[in-house]
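Student: next one to model:
(one chain, ligands or ions: 1)
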Amino acid sequence: MQLKNDLLLRAARGEKTERTPVWLMRQAGRILPEYRAVRESVSGFIELAQTPELAAEVTIQPVDLLGVDAAIIFSDILVIPEAMGLPYEMVEKRGPWFPETVRSEADLKKLRVAEGDNDLKYVIDAIQITKKALNGRVPLIGFAGAPWTIFAYMVEGSGSKTFSKSREKLYRDPVFSHKLLQLITDSTINYLQAQIRAGANLIQIFDSWAGILGPKQYEEFSLRYITQICDAITEVPVTVFAKGAFFAREEMGKLNCETIGLDWNMGIAESSRLIGADKTFQGNLDPAALYGNPDQVRAATIEMMEQFRGIRHIANLGHGVYPDIDPEMVKVFIETVKEFK
Ligand SMILES: Cc1c2[nH]c(c1CCC(=O)O)Cc1[nH]c(c(CCC(=O)O)c1C)Cc1[nH]c(c(CCC(=O)O)c1C)Cc1[nH]c(c(C)c1CCC(=O)O)C2
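Tutor: The predicted structure follows:
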């Protein structure tokens, strides 16, 4: 179906656009009271994510209520471990938790390569329902976690400040680590290809824990697998967002993807020198800037937009929007980008 607003896709491909497209990472499910109302009608996050009609509804909320130029399918990066045989729970106020972890060869044997269409049918159904309901208004973004970030959760069993158990594995057992990373990568490629067949118009890879690896390990244990994913996804543009991977920007410039996400610690001009002119950048306002008053939010947004002048750009924050941000300030951010000349 023809998209009425394809700014995101044209900007990703480096084509000229009338204005810069804008959306927010974690725009679905963090800040809107309308989300909380839907969330309270079910037992929790997992039931919501696994009920395609409701997942579609909260995916579209930010398009209706905030005016963003893209929707991102409501799901989580942790659906991949579950589809591989490692279920997760979402503990209220604490985040994801895995009753079992993967730390030995015996644990590896219990895992399987996920098949997108079967093992993650509820996400695929949600994408199809969302596409129908969006009726071409804006593109739909599909996503997955980067293999390293998923590995970190599967070994650790939960979030962590240091992810020392998962990083221990890289040093003590690189053979195990590469086996698990390859299983995750194969599952992720299957999953992303199913998302694209269902109608996802762009794919984003979230490497949220990129910044806890050193440059050499990042190349060996993360970029190598992101490269496989980028090479396998040829039908739609791909965005790679590696939080904290300032040290890997030059290498990331060589990825077979259209867009690189920048966090707010990454200088814009410097990133442009390191990555080169043949990629679009996505980002990178400090999410905390939205704690300001409207004038401050406007000024911070304009300052960011000025720095991206002459650079291929999709406006966003430098990480997901924080849960306690006032939706009105999100609207000021979006309106300021849309009016920027
Ligand atoms: C690391 C990571 C996770 N999940 C995700 C990442 C990568 C992005 C990033 O770095 O922020 C990605 C994600 N998670 C969710 C989406 C949906 C679409 C969107 O709004 O962008 C996306 C793109 C829904 C969610 N995922 C989660 C919620 C909150 C669950 C609830 O409603 O109780 C939502 C709406 C739960 C989740 N899921 C995860 C954590 C750490 C948590 C708990 C705290 C939190 O909200 O971030 C893992």
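
Student: what secondary structure does the residue in the stretch 1-150 of the chain that the ligand sits nearest to sit in?
Tutor: Going by CB to the nearest ligand atom, the ligand is nearest to residue 29 of the stretch 1-150 of the chain, at 2.8 Å. To be clear about C-beta, it is placed using only N, CA and C from the backbone, and glycine gets the same treatment. Classification of residue 29 by DSSP: H, G, I helix; E, B strand; the rest coil places it in coil.

Student: isn't it up against residue 39?
Tutor: Yes: using CB atoms under 8 Å, residue 29 makes contact with residue 39 at a distance of 7.5 Å.

Student: for the two, work out which one has more neighbours and name it.
Tutor: More crowded of residue 29 and residue 39, by other CB atoms under 10 Å: residue 29, with 24 against 17.

Student: which secondary structure elements does the one helix or strand residue 47 maps to sit against?
Tutor: Counting by DSSP states H and E, the element that carries residue 47 is helix 45-49. Applying 3 or more CB pairs under 8 Å, 6 or more residues apart in numbering; DSSP states H and E, we find helix 45-49 packed against helix 33-40, helix 52-66, strand 89-91.

Student: check which helices and strands the shortest one sits against.
Tutor: Meaning strand 89-91. Checked by 3+ CB pairs under 8 Å, 6+ apart, strand 89-91 has helix 45-49, strand 95-97 packed alongside it.

Student: the ligand contacts on the stretch 51-200 of the chain?
Tutor: 72, 74-78, 90, 95-96, 143, 159 (CB under 6 Å from any ligand atom).

Student: any idea which of the residues you listed is closest to residue 292?
Tutor: residue 72 (24.6 Å; CB to CB).

Student: which residues does residue 152 contact?
Tutor: If you count contacts by CB atoms under 8 Å, 6 or more residues apart in numbering, residue 152 has them with 160, 163, 166, 209, 212.

Student: on the pLDDT front, check it for me.
Tutor: Listed pLDDT for residue 152 reads 98.

Student: what strand or helix carries it?
Tutor: Here residue 152 is assigned to helix 147-156, by DSSP H and E.

Student: C-terminal to that helix, what's the next element?
Tutor: helix 164-172.

Student: for the stretch 101-250 of the chain, which segments count as helices?
Tutor: Residue ranges of the helices in the stretch 101-250 of the chain, as given by DSSP state H, counting those that start in this stretch, are 105-109, 116-119, 121-134, 147-156, 164-172, 174-198, 215-218, 224-232, 249-252.

Student: any chance of those helices in a markdown table, plus distance to residue 318?
Tutor: As requested, these are exported to a markdown table (distance: least, CB to CB, whole Å):
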| stretch | distance to residue 318 |
| --- | --- |
| helix 105-109 | 35 |
| helix 116-119 | 30 |
| helix 121-134 | 26 |
| helix 147-156 | 17 |
| helix 164-172 | 24 |
| helix 174-198 | 24 |
| helix 215-218 | 19 |
| helix 224-232 | 19 |
| helix 249-252 | 14 |
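
Student: need the winner for burial among the ones you listed.
Tutor: Mean neighbour count (mean count of other CB atoms under 10 Å) peaks for helix 147-156 among the helices of the stretch 101-250 of the chain, with a mean of 26.

Student: from the contact counts, what lies against the helix or strand harbouring residue 82?
Tutor: Taking DSSP H and E as the definition, one finds residue 82 inside helix 79-84. With contacts taken as 3+ CB pairs under 8 Å, 6+ apart, helix 79-84 sits against helix 147-156, helix 174-198.

Student: what's the closest of those to residue 289?
Tutor: The nearest among those, by CB to CB, is helix 147-156 at 24.7 Å.

Student: quick one, that closest one and helix 164-172 angle?
Tutor: Inter-element angle recorded for helix 147-156 and helix 164-172: 110 degrees (by axes from the mean of the first three to the mean of the last three CA atoms, to 10 degrees).

Student: just the closest residue of the stretch 151-300 of the chain to the ligand, please.
Tutor: residue 208 (3.3 Å).

Student: hang on, isn't that residue packed against residue 145?
Tutor: Yes: counting by CB under 8 Å, residue 208 touches residue 145, with 7.1 Å between them.
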